[in-house]
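In: build me a model from this:
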Amino acid sequence: MAKVEIMDLTKACPLFPEGPVNEIPRDHVLNGIDDYLNRGIVAVIVEGDPGIGKTTLLTQFARRHCDKVFSLFIRPVGMSRSTVILRYCLCNQIEWVLRGKELQGISQADLAYLHNGILALQKKTKRTRIDYVFVVDGLSDLEDAVQNEVLGILPIGLPGFRFIISGNVDSLPSSLKATNYRTYLPVGFNLGETKRLFADLKIGNEHLEEFFRITKGVPGHLADIRRMLESGVQASRIPDKLEDLYQFEWNSVDGRPDDILGLLVFSLSPLTISDLARITSGCPDKIDAQICEVSFLHVSENDGVVSFTSERFKTFARERLRMGEEQARNQLIEDLLANPDRLEAITHLPAYLGQSGQFPRLLDYLSSEYFNRVIERTQSLMSVRTSAECGLQAAVHVGNEGDILRFGLQKAMISELNRTAVWQSEIEALSALNDFDRAVVLAQSAILKEDRLHMLALAARSRFEQGLAPDPEVFEQIRTLHSQVDMRSLGDRAVQIASALVCVDPETAVQIVEATAGEDSGGRSLDLALARITIASSRRRSASTSNEVIDSISTRVSDPVVQGFITATSVLLGDYSASQVVEKSKTLRTTEEQLFLLREWTKLNRRRPDAPVAANRALDMIISATEYAPNARVYCDIAACR
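Out: Predicted coordinates for the structure are as follows:
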């Protein structure tokens with residue numbers, strides 16, 4: 001009878017690790033993490049030296065809460081480092097939570113699906129009052145730029161989501177450390193847990209206590225000793241020094257297949273037995289038999305990937321096989337060049353060619369067609385930027401001025417990539433049809449955070465102008481994106497974003513403008529920027545913009561000239577009564593400025609029943625202001641509404 005497996009989030013995570021055969025539950029440690037989350041901590045950073053069991057601990061936590069924990073397990077090498085694969089892994093779990101099914105393929109897991117899925121999770125957390133937890137393992141092993149891209153697919157900063165991340169807190173990006181976080185340092189096994197780990201091997205207490213002393217209870221080192229015992233090594237022959245364990249096991253393998261080990265060590269992608277056979281032109285059965293004889297290699301039952309039993313042993317093997325690095329890398333290069341459209345080739349071939357010093361081949365490979373494939377397959381500007389950087393370095397190395405110019409322009413174009421102007425018209429068109437859901441879906445498809453912020457602001461404003469209640473989850477995303485984007489780098493565009501937001505979230509709009517002006521720009525720069533968003537707010541009269549919003553913004557302006565300009569413009573374009581206009585005019589500095597405002601307002605509003613109130617005020621000022629000499633046109637404009 002076939003074994004029935006109950007589906008949960010750990011099954012929906014394609015990268016979820018297989019648990020150790022003799023796994024020791026660490027409930028007391030998991031309880032400590034649960035206690036942090038129950039106390040309202042947003043992020044728990046699980047620190048500790050290699051081998052302390054961080055990955056196993058996180059898998060146990062995910063299995064304990066398999067209905068509300070999303071998992072991302074990143075290995076030091078392989079496709080799990082690709083943000084495309086990680087995004088698919090996360091989207092597949094989101095699909096399971098929202099609809100009870102898995103995605104049909106990786107192509108469905110684009111940025112639009114991810115961001116709209118997170119928006120749907122936000123709504124579900126409020127409805128069910130259940131917080132979702134995101135477990136991320138291996139983040140510290142990534143380069144800073146890749147770390148930031150991985151963190152970019154997580155809903156950090158949004159309410160209803162918690163995070164457990166393994167790694168050294170000092171090496172993690174500032175965006176994560178800005179949250180309400182705590183560090184957690186798991187301890188090693190005690191002697192009782194050590195004895196439970198070896199219970200089925202019938203090892204005497206004397207040896208067990210010695211193993212505990214050698215390893216200091218570090219689970220990874222104890223697992224290494226157990227593996228050696230399972231391979232047939234007598235307990236009495238286990239080295240009594242930790243640094244000798246790997247060398248002893250390395251030397252114990254008869255007919256060690258160093259060519260296979262070299263490929264496994266230096267490959268940037270996971271390799272299966274069939275991959276190894278293809279690369280080496282060998283027989284799969286023979287390679288399988290060779291691997292079975294190596295105690296420190298493991299073949300996954302899920303996907304057939306061959307890997308080292310621990311990253312510590314892999315690091316040890318890399319040093320022992322350093323002489324064969326060039327040969328292994330050349331084999332990997334030739335295999336990828338045989339099928340350059342594979343995702344593995346697109347992702348890793350530039351790095352291989354650069355590391356091997358094959359710069360002419362690298363420059364030939366980085367064609368315009370290649371960059372089109374990168375964008376199509378990865379939907380990541382980070383991947384494009386990384387490849388362009390590889391190309392620029394190669395061009396500089398060989399002194400190819402044409403390619404230096406080409407890749408330099410590509411990097412500049414990536415930095416200036418901005419499609420918001422096109423999207424803006426589409427969002428406004430959808431909003432005019434009252435299709436706000438599709439407008440939000442379109443906004444969520446943006447690659448860059450600043451693009452997504454701008455488009456969500458436009459969608460929120462359009463919804464407001466139609467007289468509909470704001471979507472609280474969209475507002476939460478807008479405010480979170482605002483906190484994550486460096487507004488100072490956006491220049492004039494930040495004011496455009498603030499102008500879109502000023503009607504619906506004036507406080508955030510002002511914060512954006514204040515951040516854009518900066519401390520070194522001078523007060524007048526900030527005043528002028530605030531004036532622009534006030535005018536933008538005033539001009540949208542169909543939105544029934546609150547006069548109090550305009551007032552609250554204009555009070556932040558220190559320059560009296562700019563403040564007068566804001567007052568006049570907002571009054572002329574806003575929805576003010578005659579009495580309010582009179583009071584506004586009193587805030588202006590000179591009689592001439594006050595009369596100008598009253599005169600222009602009466603010209604625009606002469607048919608209003610309260611227009612004579614403003615006209616009378618203007619006439620009273622003319623009579624009492626001896627320094628001001630009006631001409632006939634002034635009297636004519638004022639008299640027109642009396």
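In: verify the contact between Lys584 and Leu597 for me.
Out: Yes - Lys584 sits in contact with Leu597 when judged by CB atoms under 8 Å, with a separation of 7.1 Å. Yep, even glycine has a C-beta here, placed from its N, CA and C like the rest.
In: dump the residue contacts of the closest residue to Gln290 other than its chain neighbours.
Out: Nearest non-adjacent residue to Gln290, counting by CB to CB, 6 or more residues apart in numbering: Pro257, 4.5 Å away. The contact partners of Pro257, by CB atoms under 8 Å, 6 or more residues apart in numbering, come to Ile287, Gln290, Ile291, Val294.
In: just the element for the first one, please.
Out: Same thing as Ile287. Using DSSP states H and E, Ile287 falls within helix 284-292.
In: need the helices for the stretch 1-150 of the chain, in chain order.
Out: Ranges of helices in the stretch 1-150 of the chain, per DSSP state H, counting those that start in this stretch, are 27-38, 54-64, 83-99, 111-128, 144-152.
In: ok, which of those helices comes nearest Pro17?
Out: Each of these was checked against Pro17 via CB to CB, and the shortest separation belongs to helix 54-64, namely 5.7 Å.
In: by contact count, what packs against that closest one?
Out: helix 27-38, strand 43-46, strand 69-73, strand 132-137, strand 161-166 (3 or more CB pairs under 8 Å, 6 or more residues apart in numbering; DSSP states H and E).
In: and the longest one, what does it pack against?
Out: Right, helix 27-38. Helix 27-38 is packed against strand 43-46, helix 54-64, strand 181-184, with contacts defined by 3+ CB pairs under 8 Å, 6+ apart.
In: just the angle between the second one and strand 161-166, please?
Out: Spelled out, it's helix 54-64. Counting by axes from the mean of the first three to the mean of the last three CA atoms, to 10 degrees, helix 54-64 lies at 150 degrees to strand 161-166.
In: how about helix 54-64: buried residues?
Out: Applying a neighbour-count criterion of 16 or more other CB atoms under 10 Å, the buried positions in helix 54-64 are Lys54, Thr55, Thr56, Leu57, Leu58, Thr59, Gln60, Phe61, Ala62, Arg63.
In: picking that back up, between the helices and strands packed on helix 54-64, which gets nearest to Ala199?
Out: Within the helices and strands packed on helix 54-64, the stretch nearest Ala199 is helix 27-38; the backing value is 17.8 Å (CB to CB).
In: contacts for the closest one, please.
Out: When contacts are defined by CB under 8 Å, 6+ apart, helix 27-38 is touched by residues 44, 46, 57, 60-61, 64, 131, 133, 162, 164, 182, 184, 186-187.
In: repeat that for 6 Å
Out: Contacts of helix 27-38 with the rest of the structure, by CB atoms under 6 Å, 6 or more residues apart in numbering, involve Val44, Phe61, Arg64, Arg162, Arg182, Pro186.
In: list the buried residues of it.
Out: Residues of helix 27-38 classed as buried by neighbour count (16+ other CB under 10 Å): Val29, Leu30, Ile33, Asp34, Tyr36, Leu37.
In: how far out from the middle of the chain is it?
Out: The gap between where helix 27-38 is centred and where its chain is centred comes out at 26 Å by CA atoms, centre = their mean, to the nearest Å.
In: with stretch 358-365 instead?
Out: Relative to the mean C-alpha coordinate of its chain, stretch 358-365 is positioned 31 Å out (CA atoms, centre = their mean).
In: what's it in contact with?
Out: Against stretch 358-365 from outside (CB under 6 Å, 6+ apart): Leu353, Gly354, Ala394, His397, Val398, Asp403.
In: gap between the closest residue to the second one other than its chain neighbours and Ile447?
Out: Meaning Gly354. The spatially closest residue to Gly354, leaving aside those adjacent along the chain, is Cys390, at 5.2 Å (CB to CB, 6+ apart). Cys390 sits 20 Å away from Ile447, taking CB to CB, to the nearest Å as the criterion.
In: can you pick out the residue with more neighbours from the two?
Out: Neighbours were counted for Cys390 and for Ile447 using other CB atoms under 10 Å; Cys390 has more, 22 against 17.
In: wait, the more buried one touches Leu349, no?
Out: No - with contact defined as CB atoms under 6 Å, Cys390 does not count as touching Leu349 (9.8 Å).
In: ok so, going back, and the helices and strands packed on helix 27-38 as a markdown table, adding mean pLDDT and distance to Glu476?
Out: As requested, the helices and strands packed on helix 27-38 are arranged in a markdown table below (pLDDT from 0 to 100; distance: least, CB to CB, whole Å):
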| stretch | mean pLDDT | distance to Glu476 |
| --- | --- | --- |
| strand 43-46 | 92 | 17 |
| helix 54-64 | 94 | 25 |
| strand 181-184 | 90 | 19 |
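In: can you list those in JSON lines and add distance to Ile478?
Out: Conversion of these to JSON lines gives the following (distance: least, CB to CB, whole Å):
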{"stretch": "strand 43-46", "distance to Ile478": "21"}
{"stretch": "helix 54-64", "distance to Ile478": "30"}
{"stretch": "strand 181-184", "distance to Ile478": "23"}
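In: to Thr272, which of the ones you listed lies closest?
Out: With respect to Thr272, and counting by CB to CB, the nearest of the helices and strands packed on helix 27-38 is helix 54-64 at 21.4 Å.
In: the closest one relative to strand 132-137, how many degrees between them?
Out: Relative orientation of helix 54-64 and strand 132-137, computed by the same axes, to 10 degrees: 160 degrees.
In: with just CA atoms, put helix 54-64 into PDB.
Out: Provided in PDB are the C-alpha atoms of helix 54-64 (Å, rounded to 0.1, in the frame of the first residue of the first chain):
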ATOM      1  CA  LYS A  54      21.200  26.100  13.000                       C
ATOM      2  CA  THR A  55      19.800  24.500   9.900                       C
ATOM      3  CA  THR A  56      18.500  21.500  11.700                       C
ATOM      4  CA  LEU A  57      17.000  23.700  14.300                       C
ATOM      5  CA  LEU A  58      15.200  25.800  11.700                       C
ATOM      6  CA  THR A  59      13.800  22.700  10.000                       C
ATOM      7  CA  GLN A  60      12.500  21.500  13.300                       C
ATOM      8  CA  PHE A  61      10.800  24.900  13.900                       C
ATOM      9  CA  ALA A  62       9.300  24.800  10.400                       C
ATOM     10  CA  ARG A  63       7.900  21.300  11.000                       C
ATOM     11  CA  ARG A  64       6.600  22.300  14.400                       C
END
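In: tell me the buried residues in the helix or strand hosting Leu363?
Out: With secondary structure defined by DSSP H and E, Leu363 is part of helix 359-365. Neighbour counts using 16+ other CB under 10 Å place Phe359, Arg361, Leu362, Leu363, Tyr365 of helix 359-365 among the buried residues.
In: just stretch 203-211 next, same as before
Out: Counting neighbours by 16+ other CB under 10 Å, one finds that the buried residues in stretch 203-211 are Ile203, His207, Leu208, Glu210, Phe211.
In: ok, the contacts of helix 27-38 vs Pro609, which is closest?
Out: For the contacts of helix 27-38, the closest approach to Pro609 (CB to CB) belongs to Arg162, at 58.3 Å.
In: once you drop chain neighbours, what's closest to the closest one?
Out: Of all residues not flanking Arg162 in the chain, Val133 sits nearest, at 4.6 Å (CB to CB, 6+ apart).
In: give me the number of residues near the one you found?
Out: For Val133, the tally of surrounding residues (other CB under 10 Å) stands at 20.
In: try Glu334
Out: The tally of other residues near Glu334 (other CB under 10 Å) stands at 10.
In: buried set for the helix or strand hosting it?
Out: Glu334 belongs to helix 325-337 when elements are defined using DSSP H and E. For helix 325-337, the buried set under the neighbour-count rule, 16+ other CB under 10 Å, comprises Ala328, Arg329, Gln331, Leu332, Ile333, Asp335, Leu336.
In: just stretch 296-308 next, same as before
Out: Going through stretch 296-308 with 16+ other CB under 10 Å, the ones that come out buried are Phe296, Leu297, His298, Val305, Val306, Ser307, Phe308.
In: so which of the residues you listed sit within strands?
Out: Mapping the buried residues of stretch 296-308 onto strands (DSSP state E) picks out Leu297, His298, Val305, Val306, Ser307, Phe308.
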